[in-house]
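S.K.: Generate a structure from the sequence data that follows.
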Amino acid sequence: MLDFIYYPVSGILWAWHKVFGFVLGDGSFGGAASWALSIVFLVFTLRVILFKPFVAQVKSMRKMAEFQPEIKKLQKKYANDKQKLAAEMQKLQSEHGVNPLAGCLPILLQAPVFIGLNHVLRSFNRTGLSYEQNIKIPNYWLPTEDVQSFLQARLFGAPLSSYIAMADNELSQFVPHVGRLDVILVSIPLMIVASIATHLTARHNVARQTAAVTANPQTAMMNKLTLYLFPLGVLAFGAFLQIGLLFYWLSNNAWTLGQQYFVYHRIDREEAEAKAKKVEQRNNLAPKPGQKPMQQVRKPAKPTETADAAETGADTAAETSVEETKSNGSGSPANGSAVNGSGDASTKVPGLAPTQARKKQSRKRR
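M.R.: Numbers count the residues shown, from 1 in each chain. Next up is the predicted model:
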């Protein structure tokens with residue numbers, strides 16, 4: 001039913017086993033080490049493929065942290081209308097270029113690989129079949145000689161497909177014989193290290209979250225689950241996980257921890273460089289110390305405006321001259337012209353007539 005998952009998983013496992021088997025050989029320890037490394041590099045192969053989606057997930061989370069206050073406003077505004085809240089949330093995410101499914105993609109793609117590897121490891125030692133029968137059945141992409149190599153491989157005395165809670169009759173099917181103590185001595189240290197790696201990965205992820213994100217009750221609850229419940233779950237259910245799956249869990253969390261450190265620091269560096277570039281551009285536009293700010297240059301007046309200004313100035317000068325003449329009364333006028341006894345000007349004031357002519361010409365032009 002899930003052959004589209006089982007065949008690729010077994011194919012990648014077979015390819016890496018050929019590589020490490022050529023380097024380490026097929027001895028008692030070399031054979032087990034090559035199979036264990038094959039499982040580890042199966043994880044690394046998947047995580048390399050999912051590297052870009054992981055970067056997109058981190059950037060999406062950081063963008064969502066930026067507009068978290070807007071999300072809270074929407075949640076408060078549409079607290080009683082879930083349908084409207086969902087529509088507004090989708091609209092807000094699309095405005096900020098955030099795709100919530102991008103954050104789930106790495107996890108969604110890792111789950112089928114975990115399921116597929118669990119099935120492939122169990123298919124090496126099928127329940128109800130003897131050792132002689134199992135080594136004659138290919139395991140999807142893996143031929144019968146690789147099935148026999150896997151069943152005979154021992155990592156410090158324990159097969160990779162064995163687990164602590166395995167039934168006695170299933171343990172007895174391994175050749176050579178396997179004791180439960182051998183499985184416990186290998187499984188317990190792997191369970192502890194895998195649990196610690198799970199906790200450190202969750203702690204590093206939570207430490208990168210902003211105060212606005214951690215203030216959300218749902219986020220705070222999820223952080224507690226990933227920090228404490230998941231690591232304890234590895235210890236509690238590790239007894240039912242095959243040794244090969246414990247290697248998968250350990251290597252997956254170790255890769256995630258290193259990848260988070262690398263990606264987060266790279267994004268921090270890119271953001272710091274972008275901020276420094278903006279500051280540098282702003283400093284380049286600002287006046288240097290001791291330099292006077294640039295004064296605004298006035299635009300030259302239009303010819304008609306210049307002519308009107310000149311006419312207005314001439315009229316003002318003429319009116320001022322007439323007022324001065326009237327104010328002299330019986331005395332001598334300021335411009336030296338004679339006046340009649342009533343005090344009115346008996347002669348034309350120089351420059352008055354041309355000014356009135358210019359005013360008439362200006363009215364005609366208008």
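S.K.: low pLDDT regions in the protein?
M.R.: Applying pLDDT under 70 to the chain flags the ranges 27-29, 65-68, 96-106, 209-220, 286-366.
S.K.: which non-adjacent residue is nearest F240?
M.R.: Using C-beta to C-beta, 6 or more residues apart in numbering and skipping the chain neighbours, the partner closest in space to F240 is A165 (5.1 Å). Bear in mind the C-beta positions are built from the backbone N, C-alpha and C, glycine included.
S.K.: same deal with E170?
M.R.: Of all residues not flanking E170 in the chain, T127 sits nearest, at 6.5 Å (C-beta to C-beta, 6+ apart).
S.K.: For the one you found, which three-state class applies?
M.R.: Using DSSP: H, G, I helix; E, B strand; the rest coil, the secondary structure recorded for T127 is coil.
S.K.: Count the residues that sit near it.
M.R.: Residues contacting T127 under the criterion other C-beta atoms under 10 Å number 9.
S.K.: Equivalent analysis for V120, please.
M.R.: 24.
S.K.: re the thing from before, for the residue nearest to F240, grab phi and psi.
M.R.: Note on A165: backbone dihedrals following degrees, to the nearest 10 are phi -80, psi 10.
S.K.: pretty sure it contacts F237?
M.R.: No. Contact between A165 and F237 fails when scored by C-beta atoms under 8 Å: they sit 9.5 Å apart.
S.K.: any chance you could map the strands in the stretch 151-300 of the chain?
M.R.: With strands called from DSSP state E, counting those that start in this stretch, the stretch 151-300 of the chain shows none.
S.K.: what about stretch 62-76, how long is it end to end?
M.R.: Stretch 62-76 has an end-to-end distance of 22 Å (C-alpha to C-alpha, to the nearest Å).
S.K.: for stretch 88-108, same thing?
M.R.: Taking C-alpha to C-alpha as the measure, stretch 88-108 stretches 26 Å from start to finish.
S.K.: Quick check: F51 vs P231, distance?
M.R.: Separation of F51 from P231 (C-beta to C-beta, to the nearest Å) stands at 25 Å.
S.K.: more crowded one of these two?
M.R.: More neighbours surround P231 than the other of F51 and P231, with 22 against 13 (other C-beta under 10 Å).
S.K.: how near is that one to K275?
M.R.: 36 Å.
S.K.: what does W255 give?
M.R.: 30 Å.
S.K.: quick one: which of the two has more around it?
M.R.: For W255 versus K275, the count of surrounding residues by other C-beta under 10 Å is larger for W255: 18 against 10.
S.K.: can I assume the more buried one is in contact with L46?
M.R.: No. W255 is beyond contact range of L46, at 9.2 Å (criterion: C-beta under 8 Å).
S.K.: what residues are up against L232?
M.R.: The contact partners of L232, by C-beta atoms under 8 Å, 6 or more residues apart in numbering, come to S195.
S.K.: same check, this time on the one 10 residues further on
M.R.: Neighbour list for Q242: 118, 121-122, 160-163 [criterion: C-beta under 8 Å, 6+ apart].
S.K.: can you rerun that using 6 Å?
M.R.: By C-beta atoms under 6 Å, 6 or more residues apart in numbering, the contact list for Q242 reads 121, 161, 163.
S.K.: and L142, what are its phi and psi?
M.R.: Note on L142: backbone dihedrals following degrees, to the nearest 10 are phi -80, psi 120.
S.K.: who's it bridged to?
M.R.: N139 (DSSP bridges).
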